Each structure stands twice: as structure tokens, then as C-alpha cells.
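Trainee: dropping a prediction and its sequence here:
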Amino acid sequence: MDDLSTLQQITIWILPILFAITVHEAAHGWAAFKLGDDTAKQLGRITLNPIKHIDPIGTILLPLVLLVVSAGKFVFGWAKPVPVDFNRLRNFRRDMALVALAGPAANLLMVILWLLVAKFGAFIMESFEFTDAIFLIYMSFAGVIINTLLMVLNLFPILPLDGGRVLHSLLPPDLAESYARLEPYGIILLVALILLDVLQMVLLPILGIVHQFFVWFIA
């Protein structure tokens, strides 16, 4: 996609980003509702309407800036977190982990769906010589990358990320309580990891493997 203009890059990435974040957050709310907490449902957050989940900075501004600065090679962002009252869950420790894992699981499902869309686009190009389908493939690639990125990133064991919630639920109560006190510093740590290129060193090799698999899958 290096030959695309900035406007074309934004056009290709914007829908996959919105879908990835929206489905991720809606999955958290849906899982919480099924496990006993209807907070998200009462606030209308179990929805695929992206407007309900958009954070102006984390969902729009930051991803677009990173997209332009990195020439389409690295995107990062967030949505408004779905409110979950963990005390209302039927089994606090187990259900906290399940609610947390629902988001990355939704992203994994989106990866599979975007791969199928890409395969369909490749089929159209090859069978009907419909060259415009290349944009469908480009958008599918963006969907695979952004959902992989969100899935892996959110599994980092840092609160308030989903991986941090899972780790919190697995720790013995005393350690879990001490670990929970670190949550206010989680975002600071995450930003530090980005600025020090540590996050990129972990994520870029994974995304490289995903890229190779994508090319092989649609061939």
C-alpha cells in the first residue's frame, strides 16, 4: 500500500479501525450482560453503532496521526471503555477474566472475517479481472492488521488492558489487590513503552508474520 496517497490510506484504514474498536467494546458489554452486569446495556453500549464508542482523540486523531507519520505501518488507538460493574458479576474473579477476554476474542473473529473478505476480493480479481477489487483486498489487509494489533496489545498484562484484568483475576487475592493499585500508572507505562519503541519491537515482528500469512492465504 506504499503507492497509495494519504487520502487513500485513510479511506482504506478508517472503516477497519472503527469496526475493530466498536466490536471489541461491544463484546465486553455483551459478555458482562450475559454474566450478570447490565450496566453497559442500560447505557446503550452493547451496540455496533461506532458513535457510541468513539473517543475523539483515541479513536480518530491519534490513529490518523500515527497512520500518516508511520506511512501506514503502525496504528494505535482506543475507544471509550465500556463500563462494567465487576461487583455485579455472578462470579467476580472468573467473570472478570471472561469479560476481559471477550474483546480480544472479538478481534480474532474479525481477523478471520477480514481474511475471508480478502479471499473473496482476490477471487473476483482473478476470475472476473475486476481490478478495482484491489481496494477490497487493501481494506481487508488493514482489517487483519488492526484487529491483530488490538488483540495482541490488549493481552499485555498491564492494567487497565484486558490482559491486566485476566492477570488480576488469576492472582491470589492479596497479590491481586496490590496489583490493582498499579492501574493508575498503566497508561503511563504503555505510553513509555511506545516512546521507547519497546512496544513496536514486540508487535512489528508479529505483524510481519501476519502480513506473510495474509499474502499466502489470498494467493
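Mentor: Sure thing, it's come through.
Trainee: CA only for contacts and neighbour counts going forward, please
Mentor: OK.
Trainee: roughly how far does Ala79 sit from Leu113?
Mentor: Note on Ala79: its distance to Leu113, by CA to CA, to the nearest Å, is 21 Å.
Trainee: next up, the contacts around Asp197.
Mentor: Contacts for Asp197 (CA atoms under 8 Å, 6 or more residues apart in numbering) come out as none.
Trainee: what's the pLDDT at it?
Mentor: Asp197 carries a pLDDT value of 82.
Trainee: what about Ala79 and Leu113, which has more around it?
Mentor: Using other CA atoms under 10 Å as the criterion, Ala79 and Leu113 rank with Ala79 on top: 21 against 15.
Trainee: helices and strands around the lowest-mean-pLDDT helix or strand in the chain, which ones?
Mentor: None of the helices or strands of the chain scores lower by mean pLDDT, DSSP states H and E than helix 62-69, at a mean of 71. Helix 62-69 sits against helix 6-34, with contacts defined as 3 or more CA pairs under 8 Å, 6 or more residues apart in numbering; DSSP states H and E.
Trainee: show me which positions of the next helix or strand after the helix it packs on end up buried.
Mentor: Under the assignment DSSP states H and E, the closest C-terminal helix or strand after helix 6-34 is helix 39-42. Going by neighbour count (16 or more other CA atoms under 10 Å), the buried part of helix 39-42 is Thr39, Ala40, Lys41.
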